[in-house]
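*Asks:* here are the coordinates; sequence isn't available:
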Ligand SMILES: [Zn+2]
């Protein structure tokens with residue numbers, strides 16, 4: 001079961017409100033569309049008593065935007081906003097409320113703020129949202145609303161912590177950007193914590209996707225006139241560009257039944273494909289795959305780029321990492337099901353070596369040349 005969580009779509013965060021988020025209301029038509037794709041929609045509502053400790057006005061001598069200590073927690077001081085039973089606390093009037101099953105109010109205790117829709121900022125009290133979603137057998141939580149760098153972020157992070165597969169629909173959120181760049185770093189932080197970042201178009205497409213065949217690992221799906229392969233269970237695919245201290249690129253060779261030949265490839269693998277590690281961070285997955293396949297431990301993984309290797313036939317997008325500070329700690333070879341041969345090829349004549357291999361009847365994955373580009377540019 002999938003649930004859509006609408007975070008704080010309230011008048012005070014909209015235009016003319018006490019704490020307006022830039023373009024806070026611009027996302028509402030999109031959110032109304034998205035609601036139709038979900039069987040379960042719930043909303044959070046910032047719901048403060050007028051005595052709330054997050055209001056600058058309740059701390060004489062302090063200013064908005066200042067950070068103070070509130071009962072042992074750092075607290076940014078905000079203007080008075082979302083006071084219980086005032087128009088500012090009501091939902092934006094353009095929001096379609098007919099599909100909202102439950103509303104979870106937060107920030108009701110004067111002594112502690114609550115950015116997350118699940119818990120207050122000290123994780124002292126739950127709003128009941130987590131238990132509610134579990135009682136509805138929800139496994140996937142999709143988050144939209146305001147504001148990306150505060151309540152949306154903390155709601156998403158708690159959702160991951162509670163074990164939900166968590167998605168941020170990025171274009172259906174807006175941030176405050178108290179400091180320029182806050183929103184972008186909030187998205188990065190969520191991604192690192194295991195939140196998958198989606199566009200609303202992907203969610204709409206996902207909902208419109210018809211499964212033609214469901215295999216153990218791969219689905220064959222149809223979207224409009226397009227038929228393609230889709231892996232629903234993984235969080236990403238990583239390819240690792242790695243050179244040893246002796247300037248050799250690490251390549252792996254393996255028999256690949258779909259093409260009926262031995263193929264030379266970059267070390268690569270799926271993130272989140274092991275049971276219990278669905279939230280595996282991509283850089284961690286890259287380290288793990290490199291070690292399993294080549295026996296080299298990387299001191300550092302740097303993200304290079306990402307893109308679809310076969311956009312016409314599969315939904316997969318590969319993230320390339322560069323591995324540095326390599327240390328040989330084993331012989332590699334992959335797990336028991338994979339018969340992987342490791343090659344260390346001097347960068348200086350790698351192109352010629354690959355051509356010799358190709359002429360001998362093997363196939364060379366073109367991503368290897370992308371790897372050479374990154375190592376030699
Ligand atoms: Zn608040």
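*Replies:* That came through, no problem. Treat the numbers as computed from the prediction; the structure is a model and nothing was measured. Numbering: from 1, shown residues only.
*Asks:* dump the residue contacts of residue 27.
*Replies:* 144-146, 171-174 (Cβ atoms under 8 Å, 6 or more residues apart in numbering). C-beta coordinates here come from the backbone N, C-alpha and C atoms, glycine included.
*Asks:* ok, 10 Å please
*Replies:* Residue 27 sits next to 9, 21, 34, 92, 95, 144-146, 169, 171-174, 200 when contact means Cβ atoms under 10 Å, 6 or more residues apart in numbering.
*Asks:* what's the neighbour count on the one residue in the stretch 151-300 of the chain that gets nearest to the ion?
*Replies:* Nearest residue of the stretch 151-300 of the chain to the ion: residue 151, at 7.7 Å (Cβ to the ion). Using other Cβ atoms under 10 Å, residue 151 is surrounded by 27 other residues.
*Asks:* so it: helix, strand or coil?
*Replies:* helix (DSSP: H, G, I helix; E, B strand; the rest coil).
*Asks:* wait, doesn't it sit right on residue 13?
*Replies:* Yes - when contacts are counted by Cβ atoms under 10 Å, residue 151 is listed as touching residue 13 (8.9 Å).
*Asks:* between the two, what contacts are shared?
*Replies:* By Cβ under 10 Å, 6+ apart, the residues touching both residue 151 and residue 13 are 7, 21, 46, 145, 176.
*Asks:* now for the second one: which residues touch it?
*Replies:* Looking back up the chat, that one is residue 21. Counted by Cβ under 10 Å, 6+ apart, residue 21 has contacts 8, 12-15, 27, 145-151, 173-177, 183.
*Asks:* do the same with the last one
*Replies:* With contacts defined as Cβ under 10 Å, 6+ apart, residue 176 is in contact with 13, 19-22, 24, 76, 78, 146-151, 182-183, 186.
*Asks:* next step: those residues restricted to helices.
*Replies:* Applying DSSP state H to those, the entries found in helices are 182-183, 186.
*Asks:* from residue 363, how far out is the residue in the stretch 101-250 of the chain positioned nearest to the ion?
*Replies:* The ion sits closest to residue 107 of the stretch 101-250 of the chain, with a gap of 4.8 Å, by Cβ to the ion. Residue 107 sits 59 Å away from residue 363, going by Cβ to Cβ, to the nearest Å.
*Asks:* of those two, who's got more company?
*Replies:* Neighbour comparison, residue 107 and residue 363: the larger count goes to residue 107, with 26 against 16 (by other Cβ under 10 Å).
*Asks:* ok, the more buried one touching residue 114?
*Replies:* Yes - at 4.4 Å, residue 107 and residue 114 qualify as touching, with contact defined as Cβ under 10 Å.
*Asks:* where do the contact lists of the two overlap?
*Replies:* Taking Cβ under 10 Å, 6+ apart as the contact rule, residue 107 and residue 114 both touch 44, 46-48, 54, 120-121, 127, 151.
*Asks:* among those, name the ones in strands.
*Replies:* Among the shared contacts of residue 107 and residue 114, the members found in strands (DSSP state E) are 44, 46.
*Asks:* now pLDDT too, for the shared contacts of residue 107 and residue 114, in TSV please.
*Replies:* Output for these, formatted as TSV (pLDDT from 0 to 100):
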residue	pLDDT
44	98
46	98
47	98
48	97
54	96
120	95
121	95
127	96
151	97
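*Asks:* what helix or strand is residue 6 on?
*Replies:* Element membership for residue 6, per DSSP states H and E: strand 2-7.
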